[in-house]
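Engineer: sequence first, predicted coordinates after that:
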Amino acid sequence: MDIYILGISCFYHDSAACLLRNGDIVAAAQEERFTRQKHDPRFPKNAIKWCLKETGITIENVDFVVFYDKPFLTFERLLLSYLTVAPKGLRSWLEAMPLWLGQKLNIPKVIKKETGYEGDVLYTEHHEAHAASAFYPSPFNEAAILTMDGVGEWATASYGFGKGKDITLLKELHFPDSLGLLYSAFTYFTGFRVNSGEYKLMGLAPYGSPRYKDLILTELIDLKEDGSLRLNLSYFDFLGGLRMTNRRFANLFGGPPRKPESEITQREMDIAASIQAVIEDAVLKMGNHVHRETGQKNLCLAGGVALNCVANGRLLREGPYDKIWIQPAAGDAGGAIGSTFSVWHRYLGNKRAQPQGYDCQQGSYLGPAFSNITVKTFLVGNGYPYHEFDGNTRPVSIAEQIAAGKIVGYMSGRMEFGPRALGARSILGDPRREDTQTVMNLKIKYRESFRPFAPSVLEEKASEYFDIDIPSPYMLLVADVIKDRRLSQPSRNGMPMLERLKIKRSDIPAVTHLDYSARLQTVNKNDKPDYHAVISEFERLTGCAVVVNTSFNIRGEPIICTPGDAYRCFMRTEMDVLVIEDCMLFKEEQPPWEEKGDWRSELELD
C-alpha cells in the first residue's frame, strides 16, 4: 500500500504544497504560479489540487496532512510582542487579528473546508521543517544543519545535525534577534519590498563600499563570535508597528528611507554593501560555530537567509566544510517539503533511501509539465503560428537563435519548485553581448537596469569560466569569473551606476557582476538533458559553454506556469522567440496582441 503525505505551507508568504509517496517527492508547487499573484500567502488550494491530480489520487487517498508551522506558538509570540509595546501596536494588532481568528488558529477547519480532508492534521515547528527540507533531500548520510530566516514561531535560527533518518536540533536563536529581520529592515530602508526584494539588496551591494559596516556593528547589532546576535530594538519598528525601521534608524543613515521606484543614490549602494558584509560575517561565524559543535564535514542550509548566494559562496570558500547543500526552495515554500519528510522519517520512522544522482530533489523540477499535444492544441486553437522541430534539430535551432542575439523564452518539462528558474521556465540570451543585460532588464523584464543575470554553464565546463570546483545546480552559490576571462575596469570613483554598467568586465559581460562575481547554475545531462543539449549546441556554434538565464516572467509577476502564461509574457515584452516544448514561435509571425486595460497597473512591483 502506498503512503501519501501532503505538506502545506501558507498564510505568511510563498504558500506551497508538496505530496510525498512512500518517501519520494511526486509533486510540489507554489500557489503563486496558479493564481498569478507573486508570493501569494493564501491557502494553496490550487497547488494542492494540482498535486493530487498529477499523482492520480484524491484527498481520500492521502494518509497524513502536515502543516509546516505551529500557529499557537506564533500567536503567543505576536501577543507578547504587542503587549511589550502597547498601546503602540494597536493598529497593527487590529489588522492582523481577523486573519488569525478566521484562519491561522483554525488550520484543521480550513484544510477540511478547502480540500475535504477528514483526518487529523499534524504539525512541525517552522525551523524543524526548514531543517528537514535541508537534510533529507540532501546527498549526505551525515551533515550539520543550519537554518536562518526572519522568524518562525519564536526561532530565528537553529542548528543541529542529521544522521540517517534522524535529525537532532541542538540550539535556537529567538525573536526578536534575527539575521533575516535585520536584512529585511535594510531591504525596506533602501526602498525595496520586504520578503521579496532582499535579492535586489544583494545585487546592489557590489556598486557600493561598506562604509557603514562598523556603524551597523556598533549601533544596530551585537554580533558574537559564535554568530549569535542581539539587535538594538531602539532603531527598529517591527515589534508592533507597520514599518521595519524608525526615525532613529533614518537619522543614523543621514535621512529617511528611499521611496520605492525613486532614484538609487550612492547612499543606498553603500548601505547595501555594508549590510551584505555584515550578513556574510554573521553567516560565516554561524557556520564555523556549528562545525565546532557538531564536527561534521558537510553542511545543509535552509531558511530565507540561505537564499543569500553571496554569503553561501563565502561560507563554502572560507568555511570549514567539504561540501554544502542548500534547499532550492529555502524560504517558506520549502517548508511544505520539509514537513512531509519530517512526518515520513521522524514521525513514521522510515529509513532514508540513497539519492539517485546529485540528491533527492530531482533537480527541483517538481511542478506541472505540458505535453506536446497540449501545447499544439493551445497554439492551434488560438491561431498562433508556430514551427515544430524536426527530428533532432531542436537544440541546434534554439542555440542558433541565441547565438544570433535573439532573446528566447524557454518552457520545457516540469516547472521548477523554488524562486529560481533552472531551465524549465527561463528566458535565455547570449552572455557575450555587452547589451544583453540592459536589453533584458529594460525591454523584457521591465526592471531596474542594475539587476544582474545568472549564467547557466555546462557542469563539466564550469571551472573553465568560474572559480568553482563543485556543482551548483540550484543557482545558490556565487563564484568569481576566472582571472583569464576578466577585463580591467577604470576607477569607479564618481562614475554613475548606469555608466559603470556599460563597461565590459569579461568575455561573458552579461553575467559578470561589477566585482567579477556570478550567481551560477551548473547544468548536467542527467537532471536537464534538453537544456544541457541547448547549451552544448551553443558552445559548438560559438565556443562559449554559457548562456544567460533569467526567470520567465516580468517584474511583479510570478514565473510562468502554463503555455498561456508563456505566450502572454512573450507578447507583452520585446522577446524575440518563444519555445514551448517542441514548438518555436517568432514574434514577427504572431497576430497583433490586444490588451484589455492597463495590465501593468495590476501587478504589485517587487
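Structural biologist: Done, it's in.
Engineer: wait, what's in contact with the nearest residue to residue 345 once chain neighbours are set aside?
Structural biologist: Excluding its sequence neighbours, the residue lying closest to residue 345 (Cβ to Cβ, 6 or more residues apart in numbering) is residue 165, at 4.4 Å. Glycine gets a C-beta too; all of them are placed from N, C-alpha and C. By Cβ atoms under 8 Å, 6 or more residues apart in numbering, the contact list for residue 165 reads 345, 346, 349, 350, 351, 352.
Engineer: mind checking which of these are in strands?
Structural biologist: Residues of the contacts of residue 165 located in strands (DSSP state E): none.
Engineer: just the buried ones among these, please.
Structural biologist: 345, 346, 352 (16 or more other Cβ atoms under 10 Å).
Engineer: of these, which is the nearest to residue 455?
Structural biologist: residue 352 (32.9 Å; Cβ to Cβ).
Engineer: so the closest one sits against residue 136, correct?
Structural biologist: Yes. Residue 352 sits in contact with residue 136 when judged by Cβ atoms under 8 Å, with a separation of 6.6 Å.
Engineer: quick check: neighbours shared by these two?
Structural biologist: Common neighbours of residue 352 and residue 136 (Cβ under 8 Å, 6+ apart) are residue 345.
Engineer: export only the CA atoms of stretch 516-528, formatted as CSV.
Structural biologist: Output of stretch 516-528 as CSV, limited to C-alpha atoms (Å, rounded to 0.1, in the frame of the first residue of the first chain):
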residue,chain,number,x,y,z
TYR,A,516,33.6,39.9,-11.2
SER,A,517,31.2,37.5,-9.5
ALA,A,518,28.4,35.5,-10.9
ARG,A,519,25.4,33.6,-9.4
LEU,A,520,25.8,30.5,-11.5
GLN,A,521,23.8,27.4,-12.3
THR,A,522,25.7,24.3,-13.4
VAL,A,523,23.7,22.1,-15.8
ASN,A,524,24.2,18.4,-16.1
LYS,A,525,23.0,15.9,-18.7
ASN,A,526,21.0,13.8,-16.2
ASP,A,527,18.9,16.3,-14.5
LYS,A,528,18.0,18.5,-17.5
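Engineer: start at 568 instead
Structural biologist: Renumbered: residue one is now 568, and that last one reads stretch 1083-1095.
Engineer: what average pLDDT does that stretch get?
Structural biologist: Throughout stretch 1083-1095, pLDDT has a mean value of 95.
Engineer: which strand or helix spans residue 701?
Structural biologist: Taking DSSP states H and E as the criterion, residue 701 maps to helix 693-702.
Engineer: helices and strands around that helix, which ones?
Structural biologist: On a contact count with 3 or more Cβ pairs under 8 Å, 6 or more residues apart in numbering; DSSP states H and E, helix 693-702 meets strand 709-719, strand 722-730, strand 733-741, strand 865-869, helix 901-908.
Engineer: let's go with 10 Å and repeat that
Structural biologist: Contacts defined by 3 or more Cβ pairs under 10 Å, 6 or more residues apart in numbering; DSSP states H and E place helix 693-702 against strand 571-576, strand 709-719, strand 722-730, strand 733-741, strand 865-869, strand 890-893, helix 901-908.
Engineer: direction included, what does the second one pair up with?
Structural biologist: The pairing partners recorded for strand 709-719 under DSSP bridges are strand 722-730 (antiparallel), strand 865-869 (parallel).
Engineer: for it, which positions count as buried?
Structural biologist: Judged by neighbour count (16+ other Cβ under 10 Å), strand 709-719 contains these buried residues: 710, 711, 712, 713, 714, 715, 716, 717, 718, 719.
Engineer: I'd like the distance from that strand to the chain centre, please.
Structural biologist: Its chain's average C-alpha position is 16 Å from that of strand 709-719, according to Cα atoms, centre = their mean, to the nearest Å.
Engineer: average pLDDT across it?
Structural biologist: 96.
Engineer: next, the angle from it to strand 733-741.
Structural biologist: Relative orientation of strand 709-719 versus strand 733-741 (axes from the mean of the first three to the mean of the last three Cα atoms, to 10 degrees): 40 degrees.
Engineer: keeping just the C-alphas, turn strand 709-719 into CSV.
Structural biologist: Presented in CSV, the C-alpha positions along strand 709-719 are these (Å, rounded to 0.1, in the frame of the first residue of the first chain):
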residue,chain,number,x,y,z
GLU,A,709,25.5,12.7,7.9
ALA,A,710,25.7,16.5,8.0
ALA,A,711,25.5,19.6,10.1
ILE,A,712,22.3,21.6,9.7
LEU,A,713,21.9,25.4,9.9
THR,A,714,18.6,27.2,9.4
MET,A,715,18.3,31.1,9.3
ASP,A,716,15.3,33.2,8.4
GLY,A,717,13.2,36.1,9.7
VAL,A,718,11.2,34.2,12.3
GLY,A,719,9.1,31.1,12.7
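Engineer: before I go, just wanted to say thanks for your time.
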